[in-house]
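Visitor: quick one, structure for this:
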Amino acid sequence: MKRTILLLTIGLAAWQLQAQNTCATAIPVGLNSYYVSQIDGTEAPSPVCAGGSTVATMGEWYSYTSPIDTAITVTTDLPQNNGGDTRIHIYTGSCGNLVCYAGSDDIGGGNYLSSATFNVIAGTTYIIAFDNRWNANGFTFKVMKATPAPPVFGFIPQFVPVTGSAYCIVDMNGDGLDDAVSVNATTININYQNATGGFTNTVHTTTQADYTPSWSLCAGDLDGNGYNDLVYAGSGLTFMLANDDGSGYTELSHPEYIFCQRSNLVDINNDGLLDAFSCHDVAPNVYYINNGDGTFTWNQGGLGDQPDGGNYGSIWIDYNNDGDLDMFIAKCRGATSPAAIDELWRNNGDGTFTNVAQQMNLADFQQSWSSAWADFDNDGDMDVMIGASSFSGGGHKLMRNDGTTFTNVTVGSGFDIYNGTSIEFIARDFDNDGYVDVLGGGYLMMNNGDMTFTMTQVPFNNGPTGDLNNDGFVDVQNGNTVYFNVGNDNNWIKVLTVGTASNVNGIGARIEITSPMGTQIRDVVSGDGFRYMSSLTATFGIGTDEGISNVTVRWPSGQVSSIDNPSINATLTVVEGDVTTAVSSLAAADLSLFPSPARTTLNVRTSGNLAGSLVTITDLTGKEVARHYMMQSTIDVSHLASGLYMLKVEGPSGTLSSKFIKD
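Guide: Purely as a prediction, here's the structure:
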């Protein structure tokens, strides 16, 4: 009798298979065991939520809707499946627009079965899919209750589609919102952040890059057309230049061999154009000066001249508060090679640089691939944490900037007992308490506000950072997963710099904010840590302070913009040339200009009332080229020459600005 019931059960399950070959025909399941006789469904699960990025060819589909908030486990780790090999994908969303929520491939220890535990919300339907990535053999799976997982420290994971293994987070279409970017030799995959939340994924095909970003990636607007370009650093540099509407990219590679490490975009000669810098592992460093006509001139020497290299993690910051960008190089080479002695290159303000690491107490032998620079004690100058990639040259170092030198304050700081190593260390205020933290090697060192740090483990390694849901808190991308910062009640402000006399991104600008807790500073940089490129928008946390009295931007050109009493918990866009009043105390995405490029008419959209608002348009030099009061939602731009412009709207709803291109 038992055998008859078992055969009947298997027969019914096999009959049900005909209705679960696609997402649209997924069969609802409950807390029970289910038998799959074979994986032969015509729709393979995609995107892939576990076990790499390889898409299978067939799948089987189910759905689960919980009546209560709880957690469940979907598992094939059952005795009857011994020796099997399965892969599970768990999705939210709808068929055709699925979003990875959980997944599992191998349990580990030689067990190739799979088990996924995840929290569920009452009334939400979760799609469960199995694929034939490893084989199509039959198996049994079980759905059962589990203990709800505690919230991961401060972050919620979400899948994003990626290409290749080089990533950055930067605003690629000029709408003021960070996008998630990944590249390989022939494609640029951009997850454009939508103003209403979520992403729109677009894959741009490019010509074959001579050099792929096997070591690092950086971004910035090299030609001033309003769209950020990318620089790939591998065995040489490849420039991927965005066209005038951001819909495609043109490759420009240079023939010179470079054993690239960290790359940066920075205005080395301060002519208002971004130049490209690359550390060289086996020779003196190199850089390409931007000629302003789409060409770049190769230079070598003067910025790290050790004959056998050892140059790994470069970062451009103003360590001595003189308004000129300096460069620190975290060095790495084995044994006691002089190529492993860190270097600090002071900008002399006349086009030359001098290595002052010895006199600034930073010329130590240390094997390090990166350093994290920030004003950790909020005293108005940049301190540095130099992270060890190996302890053979000593451990991590926390160096406090005392104005005339740097003092080693590692002992008692928390970095003296952190025994993990990493090639990636970056400085961000992750909890918006007004004190900058350090991320590296799977740990977040939380700044206690007194130059001591508390080590907290996080569920990801380093990756690019930025605000990918426009909530004012810094998120982290790790491969094909974005870890969204859950945030807290702390207040914040984001500052987006738009240069006119300086480079368009404002890279190299020093930003200062003042609130009741004191003054904080940020330098706008393209390329920190070792490998990744992070947002060019500066995020400041102000804790429980309920206002900011002033924001000051000191531009590479020497100009200064000062803004009193900006709105908080919003994005402030500061345009160079607006010296005493700056742009925007509202979200950058609240002003929409289209089409861009515009030929004769520009449409202006915002959530506020535009009637009677003053509209001004300035060119890249900061010169005002148009001014009138808004009577309707369109503006005649037919009289403007082709190029990039900034439009500013001042009205009862606040002050807003955005870039647009005139065709």
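
Visitor: can you report how many residues neighbour Lys145?
Guide: Taking other C-beta atoms under 10 Å as the neighbour definition, Lys145 ends up with a count of 13. All C-beta atoms are positioned from the backbone trio N, CA, C, and that covers glycine.

Visitor: from Tyr34, how far off is it?
Guide: Lys145 sits 16 Å away from Tyr34, going by C-beta to C-beta, to the nearest Å.

Visitor: Ala330 too?
Guide: From Ala330 over to Tyr34 (counting by C-beta to C-beta), the distance is 53 Å.

Visitor: out of these two, which sits in the more crowded spot?
Guide: Ala330 (32 against 20).

Visitor: where does the prediction get shaky in the stretch 101-250 of the chain?
Guide: Applying pLDDT under 70 to the stretch 101-250 of the chain picks out residues 148-153.

Visitor: helices of that one, start to end?
Guide: In the stretch 101-250 of the chain, no helices are defined using DSSP state H, counting those that start in this stretch.

Visitor: and Pro307, how far from Arg333?
Guide: In this structure, Pro307 lies at 12 Å from Arg333, with C-beta to C-beta as the measure.

Visitor: what does Ser658 give?
Guide: Here Ser658 is placed at a distance of 47 Å from Arg333 (C-beta to C-beta).

Visitor: of those two, who's got more company?
Guide: Taking neighbours as other C-beta under 10 Å, Ser658 and Arg333 compare with Ser658 leading, 26 against 21.

Visitor: and the residue nearest to Asp210 when sequence neighbours are not counted, how far from Gln193?
Guide: Ranked by C-beta to C-beta, 6 or more residues apart in numbering and with sequence neighbours excluded, the top spatial neighbour of Asp210 is Ser253, at 3.6 Å. When distance is defined by C-beta to C-beta, Ser253 is 29 Å away from Gln193.

Visitor: cool, and Ser165?
Guide: With C-beta to C-beta as the criterion, Ser165 and Gln193 are 22 Å apart.

Visitor: neighbour count winner among these two?
Guide: Using other C-beta under 10 Å, the more surrounded residue of Ser165 and Gln193 is Gln193, with 26 against 13.

Visitor: wait, isn't Asn201 in contact with Thr163?
Guide: No. Taking C-beta atoms under 8 Å as the definition, Asn201 is not a contact partner of Thr163, at 10.0 Å.

Visitor: who touches both of those two?
Guide: Common contacts of Asn201 and Thr163 (C-beta atoms under 8 Å, 6 or more residues apart in numbering): Asn189.

Visitor: more crowded one of these two?
Guide: Just comparing Asn201 and Thr163: by other C-beta under 10 Å the higher neighbour count belongs to Thr163, 20 against 13.

Visitor: so Asn401 makes contact with Ile317?
Guide: No. Between Asn401 and Ile317 there is no contact under C-beta under 8 Å: 10.5 Å.

Visitor: and for the two, which residues touch both?
Guide: Residues touching both Asn401 and Ile317 (C-beta under 8 Å, 6+ apart) are Met382.

Visitor: where does the chain have low pLDDT?
Guide: Across the chain, the stretches falling below the confidence threshold (pLDDT under 70) are 1-19, 51-53, 148-153, 334-335, 579-590, 596, 607-612, 621, 631-632, 651-654.

Visitor: and stretch 546-561, which residues are buried?
Guide: Along stretch 546-561, these residues count as buried under the neighbour rule (16 or more other C-beta atoms under 10 Å): 548, 551-557, 559, 561.

Visitor: the residues you listed in strands, which ones?
Guide: Where the buried residues of stretch 546-561 overlap with strands, as defined by DSSP state E, the overlap consists of 551-554, 561.
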